[in-house]
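With the input below, show me the fold.
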Amino acid sequence: LAERVLLQAEYLGMDGLLAIVKARAFRNLHPDTHHDEARPLQDAFDAEFGGLSAAIDDGVLPARYFAPVPKSPPARTIKQLWPAAPGYRALFAGGRFDHA
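Okay, here's the model as predicted:
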């Protein structure tokens, strides 16, 4: 639904709305950016993604409008609670803890 609204806004020439959407998405992608005006961020967004349709095709919009890029989860580690028997090894497979 959000994609259709953005494409209709582009078709109807709602440049102010699109400038705000692109600026917010660019700010969420690059949190170290500190611009207060929407136009320079819109130009930077267009330069990086090639426009609204390309950003939607790449999955940038509407996802990055609503939230910044998710952080990657920490590396999985095994915390030993009891000493393991000799020859015991643990594997992570398919989201489950298996042992062999």
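
max-length helix in the protein?
Longest helix in the chain, counting residues (DSSP state H): helix 15-29.

residues in contact with it?
6, 9-10, 33, 35, 38-39, 41-42, 44-46, 48, 52, 55, 60-61, 64-65, 67-69 (Cβ atoms under 8 Å, 6 or more residues apart in numbering). Heads up, the C-betas are built off the backbone N, CA and C, glycines and all.

Sort out which of the residues you listed are in helices and list them.
Counted as lying in helices by DSSP H, out of the contacts of helix 15-29, are 6, 9-10, 38-39, 41-42, 44-46, 48, 52, 55, 64-65.

which of those residues count as buried?
6, 9-10, 38, 41-42, 44-46, 52, 55, 64-65 (16 or more other Cβ atoms under 10 Å).

Burial check on residue 82, number of neighbours?
The tally of other residues near residue 82 (other Cβ atoms under 10 Å) stands at 5.

let me fix that: residue 30
15.

Distance check, it against residue 4.
26 Å (Cβ to Cβ, to the nearest Å).

on that earlier part again, what's the lowest-pLDDT member of the buried ones among the ones in helices among the contacts of helix 15-29?
Minimum pLDDT for those is recorded at residue 38 (59).

chain center to stretch 45-61: distance?
13 Å (Cα atoms, centre = their mean, to the nearest Å).

Pull the residues that contact that stretch.
Stretch 45-61 is contacted by residues 2-3, 6-7, 10, 18, 21-23, 25-26, 29, 62 when judged by Cβ under 8 Å, 6+ apart.

Quick check: buried residues in it?
For stretch 45-61, by 16+ other Cβ under 10 Å, it's 45, 46, 49, 52, 55, 56, 60, 61.

Export it to PDB, keeping only CA atoms.
C-alpha atoms of stretch 45-61 as PDB (Å, rounded to 0.1, in the frame of the first residue of the first chain):
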ATOM      1  CA  PHE A  45      18.900  10.100  -2.200                       C
ATOM      2  CA  ASP A  46      18.300  10.400  -6.000                       C
ATOM      3  CA  ALA A  47      22.100  10.300  -6.700                       C
ATOM      4  CA  GLU A  48      22.500   7.100  -4.600                       C
ATOM      5  CA  PHE A  49      19.400   5.200  -5.600                       C
ATOM      6  CA  GLY A  50      18.500   6.700  -9.000                       C
ATOM      7  CA  GLY A  51      15.000   7.900  -8.100                       C
ATOM      8  CA  LEU A  52      11.800   6.700  -6.400                       C
ATOM      9  CA  SER A  53      11.000   3.700  -8.600                       C
ATOM     10  CA  ALA A  54      14.500   2.300  -8.400                       C
ATOM     11  CA  ALA A  55      14.500   2.700  -4.600                       C
ATOM     12  CA  ILE A  56      11.200   0.800  -4.400                       C
ATOM     13  CA  ASP A  57      12.600  -2.000  -6.600                       C
ATOM     14  CA  ASP A  58      15.700  -2.300  -4.400                       C
ATOM     15  CA  GLY A  59      13.500  -2.500  -1.300                       C
ATOM     16  CA  VAL A  60      14.800   0.700   0.200                       C
ATOM     17  CA  LEU A  61      11.400   2.400   0.200                       C
END
